[in-house]
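Asker: Predicted model, plus sequence, below.
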Number of protein chains: 4
Amino acid sequence: MEINLIFAYFQWTAHYSLKRVQGTEMRRKQEKRSKILFAAIKVFAQKGFYNTKVADIAREAGVADGTIYLYFKNKDDILISIFEEKMDEILGLFKTRLKKAKNAREKLEIFFKTYFRLINDDQDLAEVFQVELRQSSKFLKDYHHQKFFDYLNIIGDIIKQGQSEKIFRQDLNPLIAKRIIFGAIDEVARQWILGAEREFSTDEACREVIKIIGKGLLQNRN
Amino acid sequence: MEINLIFAYFQWTAHYSLKRVQGTEMRRKQEKRSKILFAAIKVFAQKGFYNTKVADIAREAGVADGTIYLYFKNKDDILISIFEEKMDEILGLFKTRLKKAKNAREKLEIFFKTYFRLINDDQDLAEVFQVELRQSSKFLKDYHHQKFFDYLNIIGDIIKQGQSEKIFRQDLNPLIAKRIIFGAIDEVARQWILGAEREFSTDEACREVIKIIGKGLLQNRN
Amino acid sequence: MEINLIFAYFQWTAHYSLKRVQGTEMRRKQEKRSKILFAAIKVFAQKGFYNTKVADIAREAGVADGTIYLYFKNKDDILISIFEEKMDEILGLFKTRLKKAKNAREKLEIFFKTYFRLINDDQDLAEVFQVELRQSSKFLKDYHHQKFFDYLNIIGDIIKQGQSEKIFRQDLNPLIAKRIIFGAIDEVARQWILGAEREFSTDEACREVIKIIGKGLLQNRN
Amino acid sequence: MEINLIFAYFQWTAHYSLKRVQGTEMRRKQEKRSKILFAAIKVFAQKGFYNTKVADIAREAGVADGTIYLYFKNKDDILISIFEEKMDEILGLFKTRLKKAKNAREKLEIFFKTYFRLINDDQDLAEVFQVELRQSSKFLKDYHHQKFFDYLNIIGDIIKQGQSEKIFRQDLNPLIAKRIIFGAIDEVARQWILGAEREFSTDEACREVIKIIGKGLLQNRN
DNA sequence: GATGAATGAGCCTTCATTCAT
DNA sequence: AATGAATGAAGGCTCATTCAT
């Protein structure tokens, strides 16, 4: 509930915060950029990056084809921008939410809850992140996402903190462990998104992850 | 070592098993088909499905462009065939290997070991599975991966068996748990494959997975 | 020196002469029109007509893209206007300068000197004339360069005058001869303009032309 | 008459000479390439380079659009190839024809005759050379034609030879003189090509050039 | 069966021109 | 009058697929 409010607020600010002080025309420009980005997310989610025509995005956004190129260098740039800009929002949200936790175990739980809340609240975006950003060597090999590493390191840092707090096992390799965790939630989310019939809710998924991963990380005595 | 032998054998049989009884010309036909499939795996792994030209596959396979269409309906069909045929091999291998285990815990461990052995031994194939098939649910609308479900259900069955053997927690939802496990190993494998510098070995990865997931599934008292 | 002054005067008048009697706002309008024309000459000279974007001209002129269309019908119209208006200036200059000559031979020499002086003093304009207008007969199907014929006929008239003065050979075909002369000076000018390293001065070029063409036209006895 | 025969022979050899020893399929490949080049010359001559669509060339050549790209890198490459390949033929023809001359004066005359014969016999090609190759900064500035310099130097060499034979004036600057001559014949040719109504024949043009330029170069005493 | 030259539908991108402000 | 964001038609080029040899 609370998260919902935060998320709504965060969505609202996302479009405006950076430019709040600037004039109306600047705001309008940002609005159109956001409109295109939003349309692109929707269409990429539906058809996939390579099966999406720039004209599809334009139609969805309600602008002319050429207008896209006033805001983005090319089609690839749209996908990269989705990643960069949305990742900024997401990283910000995680940072804010994790501040409240008093130890690594709580942090892990908040992390999972925030993650599945995000997935639940913006499925198109989630799908683009889950599916489209994976598919092209452009984005996986050639293009190095500092922001993706930042994101992964949120998990890594929680693990390390948990180890120094003697809550998590000392023999874990955080490098591999963070991938295990990321992969686990990522795949569950993907299944939730792509699965035709919803076999489980994001809340159930979250609880399941906490059960398995949470327990898997703990010291034997706990 | 032992696994390697098994794997080598299995690779050899893969090309011939289905058609073993047929004549020489049929065998030659299979050889060319395999050559193309093998080339496709390599090129898809390098460049991704959409950035691979049919001509690239032809060149890699050492055949003419047109020849490909004597063995495959179209470019999509190559990807599907990779999946179908390799999945048959993989499913067969898992089945053989898992027979030896006496309980779910052992099965899980064998599953992980076999998985990372496969990844280690055929990286190109692994990459195609990891990256390129992610998008297939988009572009191959009609195509449903029964074999992928079979594969996933190997994990699901191990979980259920572990629950009935009272080794694994009773409150696990096998539907979600199998995704968690699949996602975890999948992501670790992806990182191992795509990461420029090898930060860990497949053996380390395997041990780490067993530590976290293995423990995460167990009953509290164990 | 003297010519320089004349040329400077002529440049100044070019912008105002036609509209000298009109009010200030009209003059301001002319100024902007000239600014655009001047910018267009510069950019056309640098990049060629087809490789020049209207936006390039606008930027060079320091006006908005749309402003150009307040002064010119379209991109073609800019090129035509350059030709028309600059040709008026040039024709006027030739007329003024040629008045002083007492015979065809002197006229020819003054013509050459004036020509190379113009080339020397406004290289951008020269380049547009040299290179870009070459193609105009293609793309401006309807447009006939009356002024170019006027210009050519200055040469033709000098030849005819020289023939009736018995200075030039009687067997010359003025129609062809004027093309020969125009082509000769045009090409020398082009080389001077486009050649990376200046291999000769316009003065040298002028003297060389007078030597060859001048002598070539003369009666045998002279 | 004689020239016509030579020219016809030379046209025939142009397509085959280089590949004469190779197999039929190579010859067929050359034929198609020539067909496209020939079509391009025709269409460029009619509409100009920038107003010609690749599809226009394809239609004229009777091939599909894509076929063009099997033989040429891109549209620019077609124009460059026209220049390069035709220039080879032309240079070869000049070399052959000029061998027969016994002094510079005769050489000059043969040069002019050959030139106007070429113009007369392949008007489309002449137009492309005259007009299209001039219009783009691509071809005039960025692209350096060694072959064009070779061509110009044929004239330059004749001038130098004439000077050492004491036939031509000693005070000529060959650098400028060759441009004067090239420009003169070039412009006459262009007028002959572009002029709607043929005001003169190429033979007349040739005679006129010999009269003016020929005489202009001679020593005073001759 | 094998070839690879040929095809042509399709799409990204550019840019001259318009028009609301 | 001036602006410049928006438009959308147009075209160069790619590449999966075909088919004559």
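Answerer: Ah, there it is.
Asker: where does chain A dip in pLDDT?
Answerer: A:1-27, A:133-144, A:221-222 (pLDDT under 70).
Asker: interface residues of it facing DNA strand E?
Answerer: A:52-55, A:65-66, A:68-69, A:74-76 (Cβ under 7 Å from any atom of the strand). Every residue, glycine included, has its C-beta placed from N, CA and C.
Asker: Among those, which ones are in helices?
Answerer: A:54-55, A:65-66, A:68-69, A:75-76 (DSSP state H).
Asker: wait, what's in contact with the residue lying closest to residue A:170 once chain neighbours are set aside?
Answerer: Distances taken as Cβ to Cβ, 6 or more residues apart in numbering or on different chains put residue A:163 closest to residue A:170, at 5.9 Å, once the chain neighbours are dropped. Going by Cβ atoms under 8 Å, 6 or more residues apart in numbering or on different chains, residue A:163 touches A:169-170, A:172, A:174.
Asker: Please indicate which of those are buried?
Answerer: A:169, A:172, A:174 (16 or more other Cβ atoms under 10 Å in any protein chain shown).
Asker: Can you tell me which of those residues is closest to residue A:59?
Answerer: Nearest to residue A:59, judged by Cβ to Cβ, of the buried ones among the contacts of residue A:163 is residue A:174 at 45.8 Å.
Asker: ok, how many other residues are close to residue A:168?
Answerer: Other residues within reach of residue A:168, judged by other Cβ atoms under 10 Å in any protein chain shown, total 25.
Asker: Tell me the buried residues within the residues of chain A next to DNA strand E.
Answerer: A:52, A:54, A:68, A:75.
Asker: Let's have those residues in JSON lines, adding distance to residue B:103.
Answerer: Output for these, formatted as JSON lines (distance: Cβ to Cβ, whole Å):
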{"residue": "A:52", "distance to residue B:103": "49"}
{"residue": "A:54", "distance to residue B:103": "56"}
{"residue": "A:68", "distance to residue B:103": "58"}
{"residue": "A:75", "distance to residue B:103": "52"}
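Asker: With distance to DNA strand F added, can I get these in a markdown table?
Answerer: Below are these laid out as a markdown table (distance: Cβ to the nearest atom of the strand, whole Å):
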| residue | distance to DNA strand F |
| --- | --- |
| A:52 | 16 |
| A:54 | 9 |
| A:68 | 8 |
| A:75 | 13 |
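Asker: what subset of these is also close to chain B?
Answerer: Filtering these for proximity to chain B by Cβ under 8 Å from any Cβ of the partner chain leaves nothing.
Asker: does any part of stretch A:28-48 sit near DNA strand F?
Answerer: Yes - residues of stretch A:28-48 are located near DNA strand F by Cβ under 7 Å from any atom of the strand, namely A:28-29, A:32.
Asker: Which one of those residues is nearest to residue B:218?
Answerer: residue A:32 (54.3 Å).
Asker: looking at it, that closest one is touching residue A:71, isn't it?
Answerer: Yes - here residue A:32 reaches residue A:71: they are 6.8 Å apart, a contact under Cβ atoms under 8 Å.
Asker: which one of those two has more residues nearby?
Answerer: residue A:71 (19 against 15).
Asker: Counting neighbours, what do you get for the nearest residue to that one once chain neighbours are set aside?
Answerer: Of all residues not flanking residue A:71 in the chain, residue A:33 sits nearest, at 4.7 Å (Cβ to Cβ, 6+ apart). Residues within reach of residue A:33, counting by other Cβ under 10 Å, total 17.
Asker: In the helix or strand where residue A:33 lies, which residues are buried?
Answerer: Assigned by DSSP states H and E, residue A:33 belongs to helix A:24-47. The neighbour-count check on helix A:24-47 (16+ other Cβ under 10 Å) flags A:30, A:33-45 as buried.
Asker: Are there helices or strands packed against it, and which ones?
Answerer: On a contact count with 3 or more Cβ pairs under 8 Å, 6 or more residues apart in numbering or on different chains; DSSP states H and E, helix A:24-47 meets helix A:2-16, helix A:54-61, helix A:65-71, helix A:75-99, helix A:123-127.
Asker: Summarise which helices and strands the second one is packed against.
Answerer: Just to be clear, that refers to helix A:54-61. Counting by 3+ Cβ pairs under 8 Å, 6+ apart, helix A:54-61 packs on helix A:24-47, helix A:65-71.
Asker: Out of the ones you listed, which is closest to residue C:197?
Answerer: Short answer: helix A:65-71, nearest of those by Cβ to Cβ, at 40.1 Å.
Asker: Let me see the residues that make contact with that closest one.
Answerer: A:32-33, A:36, A:54-55, A:57-58, A:61, A:78.
Asker: Wasn't residue A:185 part of a helix?
Answerer: Yes - under DSSP: H, G, I helix; E, B strand; the rest coil, residue A:185 sits within a helix.
Asker: Would you mind confirming that it is in contact with residue B:183?
Answerer: Yes - contact criterion Cβ under 8 Å: residue A:185 and residue B:183 qualify, at 7.2 Å.
Asker: give me the number of residues near the closest residue to residue A:130 other than its chain neighbours?
Answerer: Nearest residue to residue A:130, sequence neighbours excluded (Cβ to Cβ, 6+ apart): residue A:190, at 4.7 Å. Using other Cβ under 10 Å, residue A:190 has 21 other residues around it.
Asker: Check which residues of the strand or helix carrying residue A:190 are buried.
Answerer: Using DSSP H and E, residue A:190 sits in helix A:174-194. For helix A:174-194, burial by neighbour count (16+ other Cβ under 10 Å) applies to A:174-193.
Asker: Please name every helix or strand in contact with it.
Answerer: Counting by 3+ Cβ pairs under 8 Å, 6+ apart, helix A:174-194 packs on helix A:104-121, helix A:123-127, helix A:146-164, helix A:202-209, helix B:174-194, helix B:202-209.
Asker: And that helix, how far out from the chain middle?
Answerer: On the basis of Cα atoms, centre = their mean, to the nearest Å, helix A:174-194 sits 12 Å off its chain's mean C-alpha point.
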